[in-house]
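# Here is my input; please provide its structure:
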Amino acid sequence: MEEKTVDAYIAGLDGWQREASTRLRSIVHAAAPDARESIKWAQPVFESGGPLCYFKAFKNSLNFGFWRGVELDDPKGLLEGSGDKMRHVKLTAVDQIDVEAFTAFVHQAVALNQLKGDPTKG
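This is a model prediction of the structure:
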């Protein structure tokens, strides 16, 4: 069985979701150049000292999520979710991508993993 890649995941999306996913991927790579990407849990996951963020396409939206989302500084109130740790931004259009805010989230997520270790191991 062929291992699915992030390229294949993005190529399988249509319209605005493909464009938004490409932009999110670029933001993560610019903000965390050492992060590794792979498909885990059926979605693109970016890791640096453990998983830090992901994006996942749904029928009418695209989530950009963070393992330590509850710990991120979110002055614009972009993050949503109700779990103990994770939070995500729900996108329904490309123009909702806030490069400055998303870059700050990625920087914080990397720093938290460096400080606290892998968020899946505790």
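
# what residues are up against P51?
For P51, the contacting residues are 40, 45, 67, 118-120, by C-beta atoms under 8 Å, 6 or more residues apart in numbering. For the C-beta atoms, the positions are set from N, CA and C on the backbone; glycine is no exception.

# So among these, which ones count as buried?
Among these, those scoring as buried are 45, 67, 119 (criterion: 16 or more other C-beta atoms under 10 Å).

# Show me which of these is closest to F58.
Closest approach to F58 among these (C-beta to C-beta): V45, at 16.3 Å.

# Quick check: beta-bridge partners of the closest one?
Taking DSSP bridges as the rule, V45 bridges to S38, Y54.

# For the chain, which segments count as strands?
With DSSP state E applied, the chain shows strands at 36-40, 43-47, 51-57, 62-66, 87-91, listed in chain order.

# Mean pLDDT and distance to V6 added to these, as JSON lines?
Compiled in JSON lines, the strands of the chain are given as follows (pLDDT from 0 to 100; distance: least, C-beta to C-beta, whole Å):
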{"stretch": "strand 36-40", "mean pLDDT": "96", "distance to V6": "5"}
{"stretch": "strand 43-47", "mean pLDDT": "97", "distance to V6": "4"}
{"stretch": "strand 51-57", "mean pLDDT": "97", "distance to V6": "9"}
{"stretch": "strand 62-66", "mean pLDDT": "98", "distance to V6": "14"}
{"stretch": "strand 87-91", "mean pLDDT": "98", "distance to V6": "17"}
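
# That's all I had, so thanks and see you.
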